[in-house]
Structure formats: structure tokens, C-alpha cells
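# below is the sequence, then the predicted model.
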Amino acid sequence: MANGTRVGKPATQQTGKSALRRRPFTLRLEIGGKRLNIHAVASNPLAEMRTGRHNKAGSLRALGLNPYPSRAHRTHYAKVVLDEFATLDTKTVTVAGRLVSWRKQGALAFGHVQDQTGRIQLFCRRQLVLPSDPTTGNLGYAEFGLLDLGDIVEATGKVMRTERGEISVLVEGLKLLTKAIRPLPDQWSGLKDRELILRKRYLDTTLDRESFDRFASISRMISSIRSFLIGRGFLEFNTPAIQPQYGGGTAKPFKTHVNALGCDMYLAISHELYLKRLIVAGYDKVFTIGRYFRNEGIDRSHHPEFSMVETMTAYENYEYNMNLVEEMFRHVAITAFGRYEFKVRGHTIDFSKPWKRISMIDAVKERTGIDFRTITNVAEANLRLTALGIHEEQPSVGEALVKAFETVEPELIEPTLVFGHPVEISPLAKPMAEDPRFVERFEIFIAGMECGDNWSEQNDAVHLLETWRKQYKAEERDAGKFHTLDFDFIESIEYGLPPTTGIGPGIERMAMIFTEQENIDDVIFFPLMRPSVSPLNAAIYGIEQPNLAPVEDLVLSFADFEAMCGNGTLKPHGKHLIVKPHIRYLPAAGNSTAVGHFEIEGFLANSVLRLSGCAIAAGENVKEADARKQVSAWLEKIQFLQKQFPDCHVTIAPVTNLGETAAV
């Protein structure tokens, strides 16, 4: 650091136990001819750096410079300057953003400022930079030592190209807009810890442009969906997220209490019934892009809070929606992403081609040879399931058909509309006139993933109420196993609901497809996680680490797990098992140990099964490569799952390094 020296080794160079000792340090700066010594005591490098930066903010205030002014005066974004260089060359511009690189070489200083559109270089010559001025907030060249990576700055100067050919701003005035008191993670390696990426997405998008662009494209995708529907005459409405009933689907709800009304209510699992009320109200085409809350499992494609676009269209049936949803996906592909081809779960999907349409019965017949049209009793249906290796007895022929269809789903790679669902699982849909055993309903499948549910709505109020009453069990009121009795909704459609149809593609599922991601967490900026306070943050903020209730997970040793699978105690609840290996380091004096555990999704419906007790490495300097080799050896043992459960697809996720137990 020019005009300043630091006593002792920089925190970024310290390793081992010395980096964790509590020790004093001094930051010496020469500012405007004055020498300032900044002292701090901390327990680890991050705390030291935070204290040092906080003290720099104090030094700025002592000079009359506000380290947190209320506004900037930006005239151009970085990308505009770069794209329009021919026009802006030698012109004065003001750019603003985060300082992501910074170095001083005597009378010269170089840096890059990053904004929403990209980054541009700042080129500073000492003789050209205006001196510090409390009235304008300008930071003089002599005070550049008070800047750190991560600070938010504003730079004014002429656009030029350096001798090396880089388009830059030749800085005349530099203002500090925000003093960052925590350092950014290493920008070259970025965030590697999966948990940190999910908990601190704001750092991930700052360091990883691909991640930043992914979430920006999801925002454009949502805008594209909205413009598509509005362009076809739909009106957008806000529907309640807090509802007295959780109707419109079968899912376990979140319950809350409204103090002002003195009653319990639920977070929405669907907005469908409110959109139908809007149809009754006289609006023929309506939609909402709403938030949904289902108190169920978390895995690679499910999240307790998610978004969906739901529509209702009067005077049409489900065939109208087949065309609508196909056109919408095609519109989003080209308008938000500029292309039709996408790599989805290892498959190339071309949305410019017409989608396949097939009935559920025909899809099962093509795959298994079984024609459920000819099956007249449940005993025969279950016998056919047994022949397919499915030993879970079903209560009806229709539900047996759905169970058989589960073997077909993974093979539906190209965009496919599967229609004609059994009436037993579709109480809100209208039965087909030609065969009332089935309903006017279709689901969207892309790359083996279900991406939306759609149907012609049941508008016979008496029939619907009768169906709901048959399913209703008071003792399982909030279990999410059936549609609840919503008498207010029944009353509304007794006034007359015209023939109506709706679609409901999931926003996150669409985002996974169009951004080519296989994990739903990678398209949710703020995924739901258990609260966590690091020991360092607890010390800094003077708070206690929360005592959380234990997660309802099952923790087993590998031997017990293998035995329970072998004797039939444990069985998968789905057709897809995901094994996630993890490494964590336990530092100790003169020694350290790497331990491993595995999380397995697919056995427990609403929680994770964990295999513990995998001590994989120990020594004075445990290397990650060695630990990973031993994890690979454990993974060889886990291969028994494929033989034990041949109907399941087993996916091995990449090894996740969870860092040290005391990691911030």
C-alpha cells in the first residue's frame, strides 16, 4: 500500500495457528503530510481487517470526508462507455460501482470499478487527480491509501484508451460512496463452499459474473412471461398470499395467526381458487405471478417457497392451454435468452419444434405394453403393477395408472404434453365427455421433469362439493392429503363459473430449464436454509448463536444403513436417489482431521437421511486431494444402492468441502 505500511505479515499471507492468534497490529498511513497510526486488536484476520477498515472510515471523517454520502452523480454505466467508445473518446463521464481491483505504482494508480453492466478500468495520474475537498467529497491522490477492495466509488474523468489498449476513465475526481468494512473473498478463486454460496449469494454474484448474469436472465424471463400474457389480453391481479383456506391443491400448508382478526390462516399453496373468483367477477382472462408455500421436502427440484404463473381463461378448455403454454415457452426462449436450444439435464432441447402430445394411457402402453383402458378392477391393476416391479398396492385403477406412469416420466425428454389423467386424482378438473374415467388435464414434461399442471376447471358446484366431502377427513385437516372444504369458493361458483381453463407452470422449473441448471437452489437467489450465526459474527455483534430445534432427519452409520436397506426397513419413497458427499476439517494443535458424511435424498419424504462416522484422513497437513480419494472409496461402497433398488436412478453429486468447523 503506497503512503502506508503495515506492521507484521498481511492477513492474507498468514496460515496455520498463527492466523488464529489474538494479536495487535498497527496500520500507518501518511495523509496530507500527517502520519496516522491506527491500532486494533482482534482474534483472527477477518476481525483485524474489519477493524482496520472501520478505523479508515473514522480517518475519512476526521478529514471532513463522509464515507457514506447519500447519492452519486453517475452519468454512464460501464458497458455504455465500452460499447460507445468511438463516440465518448475524450469526453468526460462519471462512472460508479464497486472497486474490484486496485494497485498504486508511485505516481500512477489503476483499478476497476464494477457496476450492474460490467467493469471498466480507472487510470489515475497523481498530477491530474483533484486534491481532497470536504465540500465536494473528492478524495485526493495522497488519501488513496484509505481505499480498499470492495469499496463503492464514483470516478469522473475523460474516456481514453491506455497504451495497452484498454478502454479506461482517466480519473480527475474520485469519491468514496460507501466504505466496505468487510473484505471480499479472494476474487480469483471466488466462493467454493456450497453453503456460503447459498447463504451469501450477494458475494457469489459479485465475484462470479456467470452467477450474476443467471439471476438477471431469470428476471428478464419473468418479464417476458408477463409481456406474453398481457399481449394476449390477460389482466394481471394480485391474489392473497395469506388465506383462510389453503385450497387449490394437495400440499401440507404453513399455518400462521393474524392478530388483528384473531384467527389462524394459511400461506397460499395455490392461487387458483381466487383466479376463478375473478372469472366469476366477469374478467375473462386473468393471471398472477404469485408466491407459493408448501411445508414439504427440500431437494434438487423442490423448495418450500416458490413462484408460479397461474392463468384462468373463460370460454375455453384445456386444449386452448396446450397451445398457450407451448407458445409461451417458445416466446420466453427467444425474447429472454435469444435462442431456442438449451442443454437440460444432459439433453439438448429445441423449443422451436412442435411439442409431442400423448394421453397418459397411451404413454404407459408404449412403455410397458399395458393398456389400462381394458382393466376394469383394482385387483387386476395391482397385478399389472407387480409385473412392473411395483409392489405398492393402489386403491383404484386410476391411481394404479398414475403409479405405472411414474416409470414413463424419466423418458419424456422432448417437451411433451401428457393429458387424460384419472378422475381419482383430479377433483378440480372436468371429466372428459367421451370417457368420464379421465379428465381434461395435462402436464408438461421436459427432460424427464414435470414443469406444470393444467386443466379444464370443474364448474359444477354441487359435483365439486360432493367430491371434496368424500375426500375430507377432519383428523387430517392440515396434512395436505386432500382439498379442503372451501364453502366461500363453492358459493362463488354457484353464481355461475363459465367454462374455464388454467395453466400453472412453475417459475423456478422454467428457470432451471432456460438457465441450464440442475439444482433449484441455483435459480433461487435466497434459498431457505436453517439460520446460522458464525462464532465470529456472534462475537462482533454481541449476540448468542441460536439454539435451533433438531432437524427431523435420520442419522445412521453406514453399516446400519446397509443392513436396514437389506432387510426392507428402509425403502426409497421415489425413483431418484441423490447421494451428496461432504468433507469437513477439524483443526487441532499439531494435527488435523478430515471427516466425511453423506446426505441421501429419496428415502425420507420430508427430510434427509445422513450417513455419519466416515473419518477419512488425519495428519499434520491434511490435503484435500487425499481426503477426496478416501471419499471416493466410500462412494464405491454406496454403489450397493443400485443393485438393492434397481428401479431407482442413483445420482452421485460432486464432493462439497464444508471448510473448517470454525469457518465464518
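On my side now, so go ahead. Since the structure is predicted, the reported quantities are computational estimates derived from the model, not experimental observations. Numbering: from 1, shown residues only.

# mind naming the longest helix for the protein?
Within the chain, and with DSSP state H defining each element, the longest helix by residue count is helix 209-231.

# can you point out the buried residues in it?
Residues of helix 209-231 classed as buried under the neighbour-count rule (16 or more other CB atoms under 10 Å) are 211-212, 214-215, 217-218, 221-222, 224-225, 228-229. Where C-beta positions appear, they are placed from N, C-alpha and C, glycine not excepted.

# run the chain-centre distance for it.
With CA atoms, centre = their mean, to the nearest Å as the basis, helix 209-231 stands 14 Å off its chain's centre.

# what mean pLDDT does that helix have?
The predicted model assigns helix 209-231 a mean pLDDT of 97.

# same for that helix, what does it pack against?
Packed against helix 209-231 by the contact rule (3 or more CB pairs under 8 Å, 6 or more residues apart in numbering; DSSP states H and E) you find helix 201-207, strand 235-236, strand 285-293, strand 305-314, helix 318-337, helix 507-514.

# extract the C-alpha set from that helix and format it as PDB.
Taking Å, rounded to 0.1, in the frame of the first residue of the first chain, the C-alpha atoms of helix 209-231 are listed here in PDB:
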ATOM      1  CA  ARG A 209     -20.300 -12.900 -13.400                       C
ATOM      2  CA  GLU A 210     -21.900 -16.100 -14.700                       C
ATOM      3  CA  SER A 211     -24.000 -16.300 -11.500                       C
ATOM      4  CA  PHE A 212     -24.900 -12.600 -11.700                       C
ATOM      5  CA  ASP A 213     -26.000 -12.900 -15.300                       C
ATOM      6  CA  ARG A 214     -28.000 -16.100 -14.500                       C
ATOM      7  CA  PHE A 215     -30.200 -14.200 -12.000                       C
ATOM      8  CA  ALA A 216     -30.500 -11.200 -14.300                       C
ATOM      9  CA  SER A 217     -31.800 -13.500 -17.000                       C
ATOM     10  CA  ILE A 218     -34.400 -15.100 -14.700                       C
ATOM     11  CA  SER A 219     -35.700 -11.500 -14.100                       C
ATOM     12  CA  ARG A 220     -35.900 -11.000 -17.800                       C
ATOM     13  CA  MET A 221     -37.700 -14.400 -18.100                       C
ATOM     14  CA  ILE A 222     -40.400 -13.300 -15.700                       C
ATOM     15  CA  SER A 223     -40.800 -10.000 -17.600                       C
ATOM     16  CA  SER A 224     -41.100 -12.000 -20.800                       C
ATOM     17  CA  ILE A 225     -43.900 -14.200 -19.300                       C
ATOM     18  CA  ARG A 226     -45.800 -11.200 -18.200                       C
ATOM     19  CA  SER A 227     -45.500  -9.400 -21.600                       C
ATOM     20  CA  PHE A 228     -46.500 -12.600 -23.400                       C
ATOM     21  CA  LEU A 229     -49.800 -12.900 -21.400                       C
ATOM     22  CA  ILE A 230     -50.600  -9.200 -21.400                       C
ATOM     23  CA  GLY A 231     -50.100  -9.200 -25.200                       C
END
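
# ok, and what's touching that helix?
Helix 209-231 is touched from outside by 201, 204-206, 236, 287, 289, 307, 309, 311, 327-328, 331-332, 335-337, 507, 510-511, 514-515, 517, 522-523, 525, with contacts defined as CB atoms under 8 Å, 6 or more residues apart in numbering.

# same check on stretch 69-89?
With CB under 8 Å, 6+ apart as the contact definition, stretch 69-89 has outside contacts at 93-97, 113-120, 137, 154, 156, 159-161, 167, 169, 175, 177.

# picking that back up, so for residue 597, which of the helices and strands packed on helix 209-231 sits nearest?
helix 201-207 (24.0 Å; CB to CB).

# what comes up buried for the closest one?
Buried residues in helix 201-207 (16+ other CB under 10 Å): 201, 203-207.

# in CSV: the helices and strands packed on helix 209-231, plus distance to residue 425.
Formatted as CSV, the helices and strands packed on helix 209-231 follow (distance: least, CB to CB, whole Å):
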stretch, distance to residue 425
helix 201-207, 37
strand 235-236, 30
strand 285-293, 19
strand 305-314, 19
helix 318-337, 15
helix 507-514, 20
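
# tell me which of these sits most buried.
Per residue and on average, the most neighbours among the helices and strands packed on helix 209-231 fall to helix 507-514, with a mean of 24 (mean count of other CB atoms under 10 Å).

# list the helices and strands it packs on?
Looks like helix 507-514 contacts helix 209-231, strand 305-314, helix 318-337, strand 341-344, strand 449-456 (3+ CB pairs under 8 Å, 6+ apart).

# now these in a markdown table, with distance to residue 599?
As requested, the helices and strands packed on helix 507-514 are arranged in a markdown table below (distance: least, CB to CB, whole Å):
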| stretch | distance to residue 599 |
| --- | --- |
| helix 209-231 | 23 |
| strand 305-314 | 21 |
| helix 318-337 | 32 |
| strand 341-344 | 24 |
| strand 449-456 | 21 |
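
# how about these, which one is nearest residue 388?
With CB to CB as the criterion, residue 388 lies closest to strand 449-456 of the helices and strands packed on helix 507-514, at 19.8 Å.

# hmm, who's touching that closest one?
Strand 449-456 is contacted by residues 301, 317-318, 321-322, 325, 344-345, 409, 421, 426, 428-430, 439-445, 499-506, 509-510, 512-513 when judged by CB under 8 Å, 6+ apart.

# try 7 Å this time
Residues outside strand 449-456 that contact it (CB atoms under 7 Å, 6 or more residues apart in numbering): 301, 317-318, 321, 325, 345, 409, 426, 428-430, 439-445, 501-506, 509-510.

# any buried residues in that strand, and which?
449, 451-456.

# ok, how many other residues are close to the nearest residue to residue 464 once chain neighbours are set aside?
Nearest residue to residue 464 in three dimensions, chain neighbours excluded: residue 458, at 5.0 Å (CB to CB, 6 or more residues apart in numbering). Look at residue 458: counted by other CB atoms under 10 Å, it has 21 neighbours.

# ok, the one 4 residues further on next?
Taking other CB under 10 Å as the criterion, the count of residues near residue 462 is 9.

# that one: what secondary structure?
In the three-state summary, residue 462 is assigned as helix, counting by DSSP: H, G, I helix; E, B strand; the rest coil.

# and it, how far from residue 489?
According to CB to CB, to the nearest Å, residue 462 stands 13 Å off from residue 489.

# residues touching the spatially most central residue of the chain, list them.
In the chain, the centroid-proximal residue (CA atoms, centre = their mean) is residue 524; its distance is 2.0 Å. By CB under 7 Å, 6+ apart, the contact list for residue 524 reads 303, 508.

# and it, its phi and psi?
phi -110, psi 120 (degrees, to the nearest 10).

# how far away is residue 646 from residue 367?
Residue 646 sits 16 Å away from residue 367, going by CB to CB.

# of those two, which one has the most company?
When residue 646 is set against residue 367 and neighbours are counted by other CB under 10 Å, the residue ahead is residue 367, at 16 against 8.

# so who does the more buried one touch?
For residue 367, the set of contacting residues under the criterion of CB under 7 Å, 6+ apart consists of 407-408, 411.

# go on, residue 68?
Contact criterion CB under 7 Å, 6+ apart gives 178-179 as the residues in contact with residue 68.

# please repeat the previous calculation with a cut-off of 6 Å.
Residue 68 makes contact with residue 178, according to CB atoms under 6 Å, 6 or more residues apart in numbering.

# count of residues packed around residue 648?
Taking other CB under 10 Å as the criterion, the count of residues near residue 648 is 16.

# and if you look at residue 414?
Residue 414 sits with 16 neighbouring residues when counted by other CB under 10 Å.
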